[in-house]
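Q: sequence and predicted structure are below.
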Amino acid sequence: QLQLVESGGGLVQPGGSLRLSCEASGFSLDLYAIGWFRQAPGKEREGVSCIASSVGITYYADSVKGRFTISRDNAKNTVYLRMNSLTPEDTAVYYCAAVFPLLARKWADYDAYDVRGQGTQVTVSS
């Protein structure tokens, strides 16, 4: 069974940092592109970041550029999302998803992904 499990969410103060993890089981991540998405209450799900399977090409939403960093450790079958300088607007449930192959123009399209995790809550509040 192909599964993705997110972890690392929690409550953090504005200006703080978190690192989310997305671990795969039942398949090897190294051929897949992995995307991170988020959905805040009352808002549509949006693409946050994506890392392609080859040469580590990355994509970021404008709202997180310079603050978030996506990376992968194929040996651990895990992708990470490092989030710095968090603001209350970053509060959401964060999901990871996997797709092979990736169409670059669809990196932020959640429906284009084949395997999806259950999400982890990130709350930014003082």
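A: Yep, it's here.
Q: only C-alpha atoms for contact and neighbour calcs from this point on.
A: OK.
Q: phi, psi for the residue positioned nearest the centre of the chain please.
A: By CA atoms, centre = their mean, the chain has its centre lying nearest to residue 36, at 2.2 Å. Phi and psi for residue 36, reported as degrees, to the nearest 10, are phi -110, psi 140.
Q: and the closest residue to it other than its chain neighbours, how far from residue 107?
A: Distances taken as CA to CA, 6 or more residues apart in numbering put residue 96 closest to residue 36, at 4.5 Å, once the chain neighbours are dropped. Look at residue 96 and residue 107: by CA to CA, to the nearest Å, they are 12 Å apart.
Q: neighbour-wise, which of those two wins?
A: Between residue 96 and residue 107, counting by other CA atoms under 10 Å, residue 96 is the more crowded of the two (31 against 25).
Q: can I assume the more buried one is in contact with residue 24?
A: No. The criterion here is CA atoms under 8 Å, and residue 96 misses it with residue 24 at 10.0 Å.
Q: who does the residue nearest to the centre of the chain form a beta bridge with?
A: Beta bridges link residue 36 to residue 49, residue 96, judged by DSSP bridges.
Q: residues contacting it?
A: 47-50, 81, 94-97 (CA atoms under 8 Å, 6 or more residues apart in numbering).
Q: sorry, back to before: now list whatever residues contact both of residue 96 and residue 24.
A: 4-5.
Q: give the contact list for residue 47.
A: 35-38, 60-61, 107-110.
Q: pull out the buried members of those.
A: Using 16 or more other CA atoms under 10 Å as the burial test, those include 35-38, 60, 107-108, 110 as buried.
Q: quick check, nearest of those to residue 2?
A: residue 35 (15.7 Å; CA to CA).
Q: the residue lying closest to that closest one once chain neighbours are set aside: how many residues sit nearby?
A: The shortest distance from residue 35 to any non-neighbouring residue, by CA to CA, 6+ apart, is to residue 50 (4.0 Å). Look at residue 50: counted by other CA under 10 Å, it has 29 neighbours.
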